[in-house]
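**Student:** Pasting the sequence and the predicted model now:
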Amino acid sequence: MVFRFQGGVRVPHHKALTEKKLVEDLPMPERLIVPVSQHIGAPAKAEVKRKDEVKKGQILSRAGGFVSAHVHAPTSGTVAAVEERPNPVSGKALSIVLEPDGKDEWLEGLPMAERDPQTATPDEIRQAVQAAGIVGMGGAAFPTHVKLAPPKDKPIDAVLINGAECEPYLTSDHAAMKLRPDDMLLGARLIMKAVGATRLVIGVEDNKPDVLRDLEKRTAADPDISVAALPSRYPQGAERSLIHAVLGRKLPAGKLPMDVGVVVQNVNTAIAVSDAVRFGLPAVDTLITVTGSAVRDPKNVRVPVGARFEDVLAFCGGFASEPAKIIYGGPMMGFAQYSLDVPVTKSGSGILCLGAGDLDRRPLQACVRCGRCLTVCPMGLVPTRIAELVEAGDFDGAEEAHALDCVECGCCTFECPSRRPLVHAIRTAKLVIRDRMRKRV
Amino acid sequence: MPDSTLIVSLQEMLVAFGAAAAPTEIENPLVLVGVMLGLGATFGFLLAYADKKIAVKLNPLIHVVEEELPKGQCGACGFPGCAKYAEAVVEDPSVKPNLCVPGGDAVAALVAELTGKVMEKTEPRVAVVMCRGDSEIARQRYLYDGIPDCRSANLLFGGGKACEYGCLGFGNCTKVCNFEAISMGPKGLPVVDLSLCVGCGACAEACPRDVIELVPRHAKVLVPCRSHDKAGVVKKACEAGCLGCSLCKKACPHDAIVMDNFLARVNPDICKTCDDPLCLTAKCQPKIIGRVSLDG
Amino acid sequence: MSDVNTVETLKEPLPVPEWLTVSSSPHLRGPESVARIMWTVNLTLLPAAVWAVAVFGWRALVQIVVSAGAAMATEWMVQKLRKVPVTALDGSAFLTGLLLAFCIPASLPFWMTGLGSFFAVFVAKHSFGGLGQNIFNPAHIGRAFLLASFPVQMTTWTAVKSHAAGAVDGITAATPLGIVKEEGFAAMSEHFGSGAELYWRLFMGNVNGSLGEVSALLILLGGLVLVWKRYIPWESPVIYIGTVGLLTWAFSGDGGVFTGDALFAMLSGGLVLGGVYMITDYVTSPITRKGQMIFAFFAALLVWLIRTYGGYPEGVCYSILLMNCFTPLIDRLVRPKRFGQEKGATHV
Amino acid sequence: MQEYLLLFAATVLVNNLVLTRFLGLCIFFGVSNNFDASLGMGFALTGVMTITGIITYLIYYFILVPLGLHFFTTLTFVLVVAVTVQLLEIVTRRYLPNLYQMWGVYLVLIATNCVVLAVPLLNVDHHFNLMKSIVHSMGAGVGFGLALVLMASIREKLETSDVPEAFQGLGIAFITAGLLALAFLGFSGMIPMG
Amino acid sequence: MSEKPSPKLSTLITEGIFSKNPIFVLALSLCPAVAVTSEAISSLGMGVSVVYVMTMSSLLTSMVRKLVPHKVRVPVYISIIAFNVTFVQLVMMAFLPDLFQSLGVYLALVVVFAIILARLEVFASKNGVIPSAVDGFGMGLGFLFGLVLIGIIREFLGNGTFFGIHVIPEEHFTPILMAILPPGGFITIGLLIGLFNVIGKRRAAHAAAELPESGA
Amino acid sequence: MSNAETVPIVAHKEPGILHLTLVLAATTTIAGLILGFVAYFTMPIAIQNDLKRKEAARKELLPAAVSFEAIPGRDECFEGRNADGRPVGYVLKTVAHGYGGAIVMIVGVDENKRIVDYRIMQHNETPGLGEIAKKDRFRKQFAGRDRNVLEVTKRGEEGKVQAITGATITTVAVVKAIRSALESLDNPAPETGAKPEREGRHE
Ligand SMILES: Cc1cc2nc3c(=O)[nH]c(=O)nc-3n(C[C@H](O)[C@H](O)[C@H](O)COP(=O)(O)O)c2cc1C
Ligand SMILES: Cc1cc2nc3c(=O)[nH]c(=O)nc-3n(C[C@H](O)[C@H](O)[C@H](O)COP(=O)(O)O)c2cc1C
Ligand SMILES: Cc1cc2nc3c(=O)[nH]c(=O)nc-3n(C[C@H](O)[C@H](O)[C@H](O)COP(=O)(O)O)c2cc1C
Ligand SMILES: Cc1cc2nc3c(=O)[nH]c(=O)nc-3n(C[C@H](O)[C@H](O)[C@H](O)CO)c2cc1C
Ligand code: SF4
Ligand code: SF4
Ligand code: SF4
Ligand code: SF4
Ligand code: FES
């Protein structure tokens, strides 16, 4: 079976740097900066104030509604401040500055005595996930318990576990699948149970043959579980592309996976679900890849939420050379940073440090209308037209050209021989269009 | 030669004249007078009749009002173009006569008179760039590699400028002015030509950072900065940033200056009555509080 | 994960980099560049160029040098004058010059070639803003300009070397299509043979014509390389050349419908050159696949119309220029299907 | 039938009034900077030219020719055009307000345009009968509309292009029109007219 | 316009030729600028005809302006123009038949030149007889100037002649035929407009450089 | 037409239908009268000039003739007579399609139906190219030919009409036009008045 999706590009993998490395744990840094809200949806509200003593797993900020998630203390210590702090995604965000006391003491009753996952009811699973504040680890940080509670009229038949990890450089999902495959499968089953699905597909790109082989072995006995060896092609892991490739269902812009009977979860999300259901453990750390030519000692590291880049990078031996760009996430969708005083958040997947030699400084040219951006766009857009309209200041035009459908995968910009900053223009358009929509209402 | 293809050729003309109507026939002026009279009368009648009996009568006042508007088509009135405003202000009693910003009081008075509406005074205002952090003074915090557009730059954590309130300098504001009143200066800050600016506010609207403010022309003193940061942060970012030290506020005997979250703001309406601006004597460290004359 | 964390202070303070570049994602770029594409296309034209020189002699070489040189010089000059980055070496001006040289007879006075090349790059390309912004195919504008300005010289064909003995006056020799136009198909067969022999000559490049008309084979090979590199779509050339053949076969035969000589129509003139290299020009053809196919089809229709009813023996150049006019309109009307959207719902 | 079709095609393409006859350039350059306006203008022109084509035919062959007043052709035709357009404007505004909304605004511009006068003159010049006059007038309108729409779509694209300052606006419009005309040379000699 | 009671006559003329040149600046009445300018001589003929028609129409219009009701002004003005045009046609037909032939329909089309009617509406209908005539004359001159300039260039490029005279021996000159073909007309004008812009900008830059720096 | 004119704000009495009608009628009538007057003087001159030109052209094409007699039933076809009144040839109009449209010419033919010369009266050929067909150099080739030796060559074959380089189409058209003129002389005159739409009027 060949899994094909629309558009996409072939990217260099650059995964060799960390692919074979085991997961190490970051020693607890002197200070954690825990953003109060780390998901999309209603913002959470801080529940602690300066000078409060907190225990590991204690709720620091409480969900502000159903589509929202709690944030728990990653370790025990003192709240030094609740204030605006630089944030790797939003620039600035209200954060809780936590000074660990070094004891790393759990809150009373945590971890819970192990619960038999077989006995957990769908409601219990959802509650456990909600209590644990789990958000999607695939990047979007959408509260997972919401996805596990599909409305009655949207029956779910399939759960997709997204182990594609199509972003170059990143190997954190790979490492997780190697480290805790059984927990991952257990989490996936729990998700199936929660949504009432009958099918489970684990999609992994074929540049991870070891994991593919291992998972196939482990699931051979299960008729309702299949492992899909996906061709390595970016953005294989994007929800829509994955669903299209694996299940042949097309999910248009504006629709959710559940509209076609699917729930997609990242492998690390599945592991977190398993931890939450079995031991009641909240999402207080995340597995990230620290890599790039400017890092002395690239690693896969498990870090507490709120660890600053500076501390993480120091743990990886610091810089091998002057970094020119530091990216939170992968090179295709990640956010370039200007400071190392920013924290890792729950959905973090990597810190990438590129040297000057890795940057493409070829001059920008006018669009030659080669049409490559159209061919590679998984959403079937005309990126160059949207960019042109943005340049001309015609945002109504950009809206009509469906700028809002763009998933910002970056394929168009990657492929453009003229080096046009298409995604940047489209992101500008989306910002302005959303702004206008807000004003219209 | 295609150029000569349209010839109502001489031959044709002559055949016509010569064969069908020898010159002698034209001698009979009655035919000619009859035809011309007939044609003229027919057309004249048709037009006049249509105009009187068929034409949709438009309020002629609309045209009169439109004539008086400055035709900048800037949209500051909130209507798509001067003609639409003219129509609205004539037809709709709730539309105010003073909406045309470029026209100012003079036009407002005329429109009010024409439409029989009550005239309210509009303050003539002008765009002021509330930032002095030019490319020499303001520090950058990163190298921006992207579209030269203020909005796009603002998207990436608020742009490369260390100050999060200052002008980004890509000139979005200069692109929207219908009156060519604002342009980029040599050091990366936009410059407003006071004599051309009509205060329509398009530039302020376009600025993603709200750096541009519409200030009454009678304003005397301004603190051209928008930074609400505390002194320490400001000092690191820019030499021309308001530190929020409130020395000027203390120096002003009329309470015309208020501190708004570490930023001094001057109230021009109080300030205009002041003959002796003591605030200027305050030891403003960045030396940005200053006298302005915005009368174009 | 309670088991592992030990608290330990970090020893060495990290040297924090002062200047970091911040840009929007993606931070990785593909290997393609405009220059690489353009020079590759040039390279694929090399065999045909060499063959043209072999067939027409040194004049052909000088034509190519003059044309490409003038194109690049013009580009350099304009960009200097405008004070914008100079891209004269990115291969697109060279390509324009090369393709123009391929569209003219070897005997054309060199100053005319230079002028045509100047006109192509200055008027057709740079007055619109340069690479990527022109509406019309510069090389073809150059040719149309030369044809309109110097029709005599532009329709005086050099006989190919192997054929020179048969040519009456040694200099002028009619092209196969020219003879078909003026004296009919039979007269052409007298000169160039018919059936397999004719096709073979056309295919191998053994007929009179402009530089690039001589060998359909080498041009097609170049096209294959481009298709394989995914620089051009395969649909456009196939539709273009095929439709001309089909129409000729169906309607242009002397013996009624479906007796026309399709193979002759497809191999003669600049059809193959136009189909491979010119309707596929990125800048002047529609941006969507669907649009490109529409473009190719109507261009083919025009070729057939002009060859059959028009004032010129050859219609490739004008067919493409005419369709160039429609490109912005096509791009306006034809939009790709958005992912997962029903048909028809995609039009803006 | 074929005769009329050929005449129509010839008027639209081969002898396109703008591109090979330089008629109506003021409108051509003035309106083509807006796509929708171009489309509207194309329709409005076709309508007006067909109507004036009929009226001028009648006036010419039933009044001017019998009375031997050929040299009043210019004066008469221009009056017919001006008055017809003005009447059309008044009448459509009153009775066909929807039509007026779409195309009425262009009528004002049409009244003093040379293409509207040239078409009746050409009809007379070619000795077209009534049917041919109508076909020719319509073809002229459609051809004009086509040229306008093409030009408008091109200029729309040029708006986002980096046209050298010296050529911005009218300069590049003229050059574009020139290159369009160069391309339309391809039709030359295709269908003889008449 | 009506606010300035008596515009200076000389400025009316220079405006017509330069700053309000109907062809290069106002882009009005373009058809003949392309159509009849393949030869300098027909450009001249056309230009002179237009000067005459504009002057006379302005003059006549300003004479009758008080008598013409608003509603029928357009047909009346058009009749006045048509009258003048027909007059030129008749005279030219009798005395310059060749020129008449080469101007063809375009001479008749002078009737609908937007520039003429526009001047009548905005100027002649509101001004006295003399200024109106001068205004018409100036505008006409601008038109003549533009036409002849284009004509000379196109004729020289496309035929190697200057008003029909071979300035370069025929054997040594290969004309660029396209210059006198339709596309050549458009392109020549397009390039000329570009040139005018460049020159205009240079001059503006010079003027600005001479001004003292104006403080903000 | 702009609305630029200032409309008086207070509507005064508007002129009535009759008033408007009269103004326009008066304008056209006055214009008509003056023009009629002008035409009265210029038309005869124009007509005279044209007749003279045509006469001169006929003389040039058929020098042997002193007078010309229109042949009834034919469009612009004249029989040339010498001083004795004996027919010495014909001058007739003929038309063919060239590169840019119709080429209208008049051809002089001697009494043996051999070509004397021709003039192109009206054409749309490319100046400097198709126009060469007007020149002596080219026209001379035709003198003395009859309809049996009218063939075009591009390759300089003996006895054929050598095509203008780059303007073969024009050459062929000229030859065609002449041939059709010669042929028409051989045929009996067509019925009169059978030509409602004249041929050969072209854009
Ligand atoms: C505004 C918003 C609302 C969503 N609502 C739901 C929902 O109701 N149910 C659900 O299962 N997923 C929901 N999702 C989750 C998306 O389907 C998707 O899984 C999530 O955005 C992660 O996407 P990504 O990582 O591909 O960007 C929502 C996402 C967004 C952005
Ligand atoms: C361009 C693009 C690429 C993505 N690649 C991956 C990926 O490689 N792995 C992954 O788990 N999620 C990836 N995602 C996120 C998925 O779309 C989806 O949101 C996620 O798998 C949902 O699981 P989660 O809610 O557990 O995060 C990608 C999203 C986009 C838009
Ligand atoms: C702008 C232009 C004008 C032309 N004008 C004429 C013309 O007036 N008469 C003509 O016979 N051929 C003209 N041609 C050339 C024809 O299209 C055709 O190529 C030529 O007649 C072939 O003739 P040849 O075989 O003598 O070279 C012109 C070509 C162009 C490009
Ligand atoms: C596949 C391909 C085909 C091209 N064809 C042409 C061509 O036919 N004529 C031309 O002038 N340039 C051609 N170019 C070069 C370039 O796109 C052209 O100069 C642009 O039109 C200039 O803006 C081609 C380029 C590519 C990649
Ligand atoms: S337009 Fe958006 S979705 Fe399409 S390729 Fe570009 S970034 Fe991806
Ligand atoms: S890939 Fe780049 S050059 Fe090609 S069409 Fe898209 S934006 Fe233009
Ligand atoms: S004032 Fe605002 S819009 Fe203008 S350049 Fe500065 S940041 Fe940009
Ligand atoms: S500078 Fe700003 S406020 Fe002043 S006129 Fe221009 S856009 Fe309007
Ligand atoms: S349209 Fe204005 S002169 Fe022809």
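**Tutor:** Yep, it's here. Ligands and ions are numbered 1, 2, ... in the order given.
**Student:** ranges for the helices of the chain?
**Tutor:** Assuming you mean chain A. Taking DSSP state H as the test, the helices found in chain A are A:16-19, A:122-132, A:144-147, A:172-179, A:181-195, A:209-219, A:239-247, A:267-279, A:309-315, A:372-376, A:383-391, A:395-400, A:411-415, A:422-440.
**Student:** nope, chain D please
**Tutor:** D:2-9, D:17-21, D:25-31, D:35-59, D:65-67, D:73-95, D:97-99, D:105-110, D:114-125, D:130-159, D:170-184.
**Student:** before we move on, back to that, next, format the helices of chain A as CSV and append distance to C:Met323, mean pLDDT and mean neighbour count.
**Tutor:** Every residue, glycine included, has its C-beta placed from N, CA and C. Shown next, in CSV, are those (distance: least, CB to CB, whole Å; pLDDT from 0 to 100; neighbours: other CB atoms under 10 Å in any protein chain shown):
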stretch, distance to C:Met323, mean pLDDT, mean neighbour count
helix A:16-19, 49, 93, 19
helix A:122-132, 59, 95, 20
helix A:144-147, 50, 95, 24
helix A:172-179, 49, 95, 25
helix A:181-195, 53, 95, 23
helix A:209-219, 49, 94, 16
helix A:239-247, 34, 94, 24
helix A:267-279, 51, 95, 26
helix A:309-315, 54, 93, 22
helix A:372-376, 19, 94, 24
helix A:383-391, 20, 93, 25
helix A:395-400, 25, 92, 18
helix A:411-415, 26, 96, 28
helix A:422-440, 27, 93, 19
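**Student:** In the chain, which residue is most central in space?
**Tutor:** Going with chain A. Nearest to the mean C-alpha position of chain A, by CA atoms, centre = their mean, lies A:Gly139 at 1.9 Å.
**Student:** meant chain F, my bad for not saying
**Tutor:** Nearest residue to the geometric centre of chain F (CA atoms, centre = their mean): F:Met121, 4.6 Å.
**Student:** Please name the residues that touch the residue nearest to C:Phe102 when sequence neighbours are not counted.
**Tutor:** Closest residue in space to C:Phe102, ignoring its immediate chain neighbours: C:Gly212 at 2.7 Å, by CB to CB, 6 or more residues apart in numbering or on different chains. Going by CB atoms under 8 Å, 6 or more residues apart in numbering or on different chains, C:Gly212 touches C:Ala48, C:Ala52, C:Leu99, C:Ala101, C:Phe102, C:Cys103, C:Ile219, C:Gly270, C:Leu273.
**Student:** list the contacts for the first one?
**Tutor:** If I follow you right, that is C:Ala48. With CB under 8 Å, 6+ apart, C:Ala48 has these contacts: C:Phe102, C:Gly212, C:Val214, C:Ser215, C:Leu218, C:Ile219, C:Gly222.
**Student:** May I see the helices of chain A organised as CSV, with distance to ligand 6 added?
**Tutor:** What follows is these, written out as CSV (distance: least, CB to the nearest ligand atom, whole Å):
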stretch, distance to ligand 6
helix A:16-19, 29
helix A:122-132, 42
helix A:144-147, 34
helix A:172-179, 29
helix A:181-195, 38
helix A:209-219, 33
helix A:239-247, 19
helix A:267-279, 33
helix A:309-315, 33
helix A:372-376, 3
helix A:383-391, 4
helix A:395-400, 14
helix A:411-415, 6
helix A:422-440, 6
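**Student:** Out of those helices, flag the one nearest ligand 7.
**Tutor:** helix A:422-440 (13.0 Å; CB to the nearest ligand atom).
**Student:** I'd say D:Asn34 and D:Ala152 touch.
**Tutor:** Yes - with contact defined as CB atoms under 8 Å, D:Asn34 and D:Ala152 form a contacting pair (6.6 Å).
**Student:** out of these two, which sits in the busier spot?
**Tutor:** Set D:Asn34 next to D:Ala152 and count neighbours by other CB atoms under 10 Å in any protein chain shown: D:Ala152 wins out with 25 against 14.
**Student:** Relative to D:Leu45, how far out is the closest residue to that one other than its chain neighbours?
**Tutor:** Nearest non-adjacent residue to D:Ala152, counting by CB to CB, 6+ apart: D:Ser38, 3.8 Å away. Distance, D:Ser38 to D:Leu45, using CB to CB, to the nearest Å: 10 Å.
**Student:** Which one of the two is surrounded by more residues?
**Tutor:** A side-by-side neighbour count of D:Ser38 and D:Leu45, using other CB under 10 Å, places D:Leu45 first with 31 against 27.
**Student:** give the contact list for that one.
**Tutor:** The contact partners of D:Leu45, taken as CB under 8 Å, 6+ apart, are D:Gly24, D:Ile27, D:Tyr106, D:Ile110, D:Val115, D:Val116, D:Gly141, D:Phe144, D:Gly145.
**Student:** Generate a PyMOL selection restricted to the buried subset of the residues you listed.
**Tutor:** Command for PyMOL that selects the buried part of those, burial taken from 16 or more other CB atoms under 10 Å in any protein chain shown:
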select buried, chain D and resi 24+27+106+110+115+116+141+144+145
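**Student:** now, among the contacts of D:Leu45, which is nearest to E:Phe83?
**Tutor:** Among the contacts of D:Leu45, D:Val116 lies closest to E:Phe83 (CB to CB), at 19.4 Å.
**Student:** for the closest residue to F:Gly130 other than its chain neighbours, what are its contacts?
**Tutor:** Sequence neighbours aside, F:Thr170 is the residue nearest to F:Gly130 in space, at 3.9 Å (criterion: CB to CB, 6+ apart). The contact partners of F:Thr170, taken as CB under 8 Å, 6+ apart, are F:Gly98, F:Tyr99, F:Ile103, F:Glu125, F:Leu129, F:Gly130, F:Ile132, F:Ala133, F:Ile164.
**Student:** So which of these are in strands?
**Tutor:** The strands, defined by DSSP state E, take in F:Ile103 from the contacts of F:Thr170.
**Student:** Columns distance to F:Tyr90 on top of the contacts of F:Thr170, output as a markdown table?
**Tutor:** As requested, the contacts of F:Thr170 are arranged in a markdown table below (distance: CB to CB, whole Å):
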| residue | distance to F:Tyr90 |
| --- | --- |
| F:Gly98 | 23 |
| F:Tyr99 | 27 |
| F:Ile103 | 19 |
| F:Glu125 | 25 |
| F:Leu129 | 30 |
| F:Gly130 | 26 |
| F:Ile132 | 26 |
| F:Ala133 | 21 |
| F:Ile164 | 26 |
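**Student:** Most neighbours among the contacts of F:Thr170, which one is it?
**Tutor:** Per-residue neighbour counts (other CB under 10 Å) across these peak at F:Gly98, which has 28 neighbours.
**Student:** That residue contacts F:Asn124, correct?
**Tutor:** Yes - using CB under 8 Å, F:Gly98 makes contact with F:Asn124 at a distance of 7.2 Å.
**Student:** coming back round to it: for the residue nearest to D:Ala152, what are its contacts?
**Tutor:** Going by CB under 8 Å, 6+ apart, D:Ser38 touches D:Val31, D:Ser32, D:Gly145, D:Leu148, D:Val149, D:Met151, D:Ala152.
**Student:** Now with 6 Å, please.
**Tutor:** Going by CB atoms under 6 Å, 6 or more residues apart in numbering or on different chains, D:Ser38 touches D:Val31, D:Ser32, D:Leu148, D:Val149, D:Ala152.
**Student:** Show me which of those are buried.
**Tutor:** In these, burial by neighbour count holds for D:Val31, D:Ser32, D:Leu148, D:Val149, D:Ala152, counting by 16+ other CB under 10 Å.
**Student:** doesn't D:Ala37 make contact with the first one?
**Tutor:** Yes - in terms of CB atoms under 6 Å, D:Val31 counts as a neighbour of D:Ala37; the distance is 5.1 Å.
**Student:** For B:Gly44, give me the pLDDT.
**Tutor:** You'll see B:Gly44 listed with a pLDDT of 83.
**Student:** in what helix or strand does it lie?
**Tutor:** Using DSSP states H and E, the element containing B:Gly44 is helix B:29-49.
**Student:** What are the buried residues along that helix?
**Tutor:** Residues of helix B:29-49 classed as buried: B:31-33, B:35-37, B:39-49 (neighbour count, 16+ other CB under 10 Å).
**Student:** now swap in stretch A:55-66 and tell me
**Tutor:** A:Lys55, A:Lys56, A:Gly57, A:Gln58, A:Ile59, A:Leu60, A:Ser61, A:Ala63, A:Gly64.
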